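*Asks:* any chance you could fold what I've pasted below:
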Amino acid sequence: MKTDVAERKSPPNGFRAGTDEEEKFESVEFSIQGLQCLHQFRIWNTVPGSMCVLVKENSEILGALKVGDVLPLKYYTGNSGRPTLYLDTEIRHITKEEEGRFKGHYLIGLSILEGGGERRFH
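*Replies:* Residues are numbered from 1 along each chain as shown. Here you go, the predicted structure:
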């Protein structure tokens, strides 16, 4: 699925961009019903105010994700003293990279929903 550049660069609703380094999310973890393993991805902030994960084009998870899906994702920060958070997150775009640094991968755009269904875990 291809998305225009304007949508990819727009800040997702509810993104917690905090000015303090410890408030920024570094990785996200989720499972998909029907897939046996848990998936964890580094969060990429390709432009200010947006976040996405990078998935190899042959990953089993690609077939299980659709734009508009809302999933409870587990977010981690760089501060081990901060709790992990489960936040309801929408898949904003799924964009195949045809060239450059991420060739052979898909960028999956994430948007934390307002209210986010926040649940804290240590």
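
*Asks:* what helix or strand does Ser27 sit in?
*Replies:* Here Ser27 sits within strand 25-30, counting by DSSP states H and E.

*Asks:* which positions in that strand come out as buried?
*Replies:* Across strand 25-30, burial judged by 16 or more other C-beta atoms under 10 Å covers Phe25, Val28, Phe30. Quick note: C-beta positions are derived from backbone N, CA and C, even for glycine.

*Asks:* pick out whichever of those sits closest to His105.
*Replies:* Val28 (15.9 Å; C-beta to C-beta).

*Asks:* what number of residues lie near the residue lying closest to that closest one once chain neighbours are set aside?
*Replies:* The shortest distance from Val28 to any non-neighbouring residue, by C-beta to C-beta, 6 or more residues apart in numbering, is to Leu73 (4.9 Å). When neighbours are counted by other C-beta atoms under 10 Å, Leu73 registers 23.

*Asks:* partners of Ile43 in the sheet?
*Replies:* As for beta bridges, Ile43 partners with Val53 under DSSP bridges.

*Asks:* circling back to that earlier point, in JSON lines, list the buried residues of strand 25-30 along with pLDDT and distance to Ser80.
*Replies:* Shown next, in JSON lines, are the buried residues of strand 25-30 (pLDDT from 0 to 100; distance: C-beta to C-beta, whole Å):
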{"residue": "Phe25", "pLDDT": "89", "distance to Ser80": "14"}
{"residue": "Val28", "pLDDT": "94", "distance to Ser80": "16"}
{"residue": "Phe30", "pLDDT": "86", "distance to Ser80": "20"}
